[in-house]
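Sequence and predicted structure below; questions after.
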Amino acid sequence: MDSLTAFAEAKLEALDAQALRRRLAPTRRLDGLWVERGGRRLLSFSCNDYLNLSHHPAVKAAAVAAIEVHGAGAGASRLVTGDHPLLAELEARLARLKRTEAACLFGSGYLANTGLIPTLAGEGDLVLVDELAHACIWAGAQLSGARVVPFRHNDIGELERLLAELRAAHRRCLVATDGVFSMDGDLAPLDRLSEVCQAHDAWLLSDDAHGIGVLAEGRGSAALFPGATIPLQMGTLSKAIGSYGAYVCASRAVVDLLKTRARTLVYSTAPPPAAIAAALAALDLIEADSELTARPLSRARVFTQALGLPRAESPIVPVIIGGAEEALAASRALEGQGRLVVAIRPPTVPARTAPLRVAFTAGHSEADVLALAAAVRPLLRKEAA
Ligand SMILES: *Cc1c(COP(=O)(O)O)cnc(C)c1O
């Protein structure tokens, strides 16, 4: 066997031995709510399509129409010939929704964070990151070449101490957090983060992948903290917006700088017209219907109340089952009952906790939610139940 294949096989065996090997499960999404896997229909509590808009007729029709007019692919990066007119239209819409001067679209959230952070920070700079922030914030921070220091999750006191100790020795400083944490569903205290950042001339980046569309009438987690100053507001089009792609909302100058310097924009093909048109149609629906945008969180709260869990702050609810194998067994048991609830394993979450991550959407009925709670109750870890 050649050394490359031997390396891959040994690595896979080691992962298998720790129950950490991941496998793709071909899944057909039948609508915004139901999926088909292994020949079975399952009610999904594992899609981030919080408003079920990926399958909304108006969103699909907009994507189809955009393909007819603009073609299937963008053809090149934005700075070459890929800057199709839908991009500017969506940027203007997002800037208006987020009340910032401007917005910059990227191909995905991963590309946005790995382009944004190295554009603003480099050698001699400091990037402080909440320990539970998304993997692509870490990737962007590492790529930047700045000094990267984690702070304990949502621990403002520790952030303040780190800034007091380290800020003066660095030129520029960026503080990065999720607005809604992707695995635990809790919120960052953006008001207090903003205060601390302003006191130390640090730039606050909030990643609102899971807040846009579902909090504050769709405007996202930042709008829950009206006094906060958040100069860098990033989010994706791939969750509640039901499409693909991502944005950074910021001042005009920051956006212009991103458009000339962010390597994941300069050297990567522009997002396809269909994805952008779909996002525009989704924003029409989001801005028109505050009852729709409120529903995923209200469903999550029905669930947390039924199980006596801490009140949900977002549509995401973690349910702690135990180690990786227990969580997988729980997920399989729920699947046996026709429900898809995936277990999240290390390294996505810290070793030794492997929650079921339950994501509620507007399309789940209260009866669906209560039935899930009844099915989950016997699986709860004893000290948590
Ligand atoms: C999903 C997610 C991303 C990545 O966005 P994609 O558009 O899927 O690449 C970034 N940040 C957070 C917090 C996420 O949950």
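Now that the structure is in, tell me what you want to look at. Residues are numbered from 1 along each chain as shown.

interface residues of this structure facing the ligand?
Contact residues (CB under 6 Å from any ligand atom) of the chain with the ligand: 108-110, 134, 136, 178, 182, 207, 209-210, 236, 238, 246. Heads up, the C-betas are built off the backbone N, CA and C, glycines and all.

which residues touch stretch 34-47?
25-30, 32-33, 335, 338-342, 357-361, 364, 368, 372 (CB atoms under 8 Å, 6 or more residues apart in numbering).

Just the buried residues from the residues you listed, in PyMOL please.
Filtering these down to the buried ones (16 or more other CB atoms under 10 Å) takes a single PyMOL command:
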select buried, resi 32+33+335+339+340+341+342+357+358+359+360+361+364+368+372
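
And the strands in this protein, which stretches?
27-29, 34-37, 40-44, 102-106, 126-130, 147-151, 173-178, 203-207, 232-236, 246-250, 316-319, 339-340, 356-359 (DSSP state E).

Redo the ones you listed as TSV? Include mean pLDDT.
Converted to TSV, the strands of the chain look like this (pLDDT from 0 to 100):
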stretch	mean pLDDT
strand 27-29	97
strand 34-37	97
strand 40-44	97
strand 102-106	98
strand 126-130	98
strand 147-151	98
strand 173-178	98
strand 203-207	98
strand 232-236	98
strand 246-250	98
strand 316-319	96
strand 339-340	97
strand 356-359	96
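
now those as CSV including distance to residue 15?
Shown next, in CSV, are those (distance: least, CB to CB, whole Å):
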stretch, distance to residue 15
strand 27-29, 22
strand 34-37, 22
strand 40-44, 26
strand 102-106, 31
strand 126-130, 26
strand 147-151, 25
strand 173-178, 26
strand 203-207, 28
strand 232-236, 28
strand 246-250, 29
strand 316-319, 23
strand 339-340, 23
strand 356-359, 20
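
So which of these is nearest residue 380?
Proximity to residue 380 (CB to CB) singles out strand 316-319 among the strands of the chain, at 6.8 Å.

partners of that closest one in the sheet?
Strand pairing for strand 316-319, determined by DSSP bridges: strand 356-359 (antiparallel).

what comes into contact with the strand it pairs with?
Taking CB under 8 Å, 6+ apart as the rule, strand 356-359 contacts 45-48, 50, 183, 300, 303, 315-319, 321, 327, 330-331, 334, 341-344, 372, 376, 379.

go with 6 Å
Contact with strand 356-359 is made by 45, 315-319, 321, 330, 341, 343-344, as judged by CB atoms under 6 Å, 6 or more residues apart in numbering.
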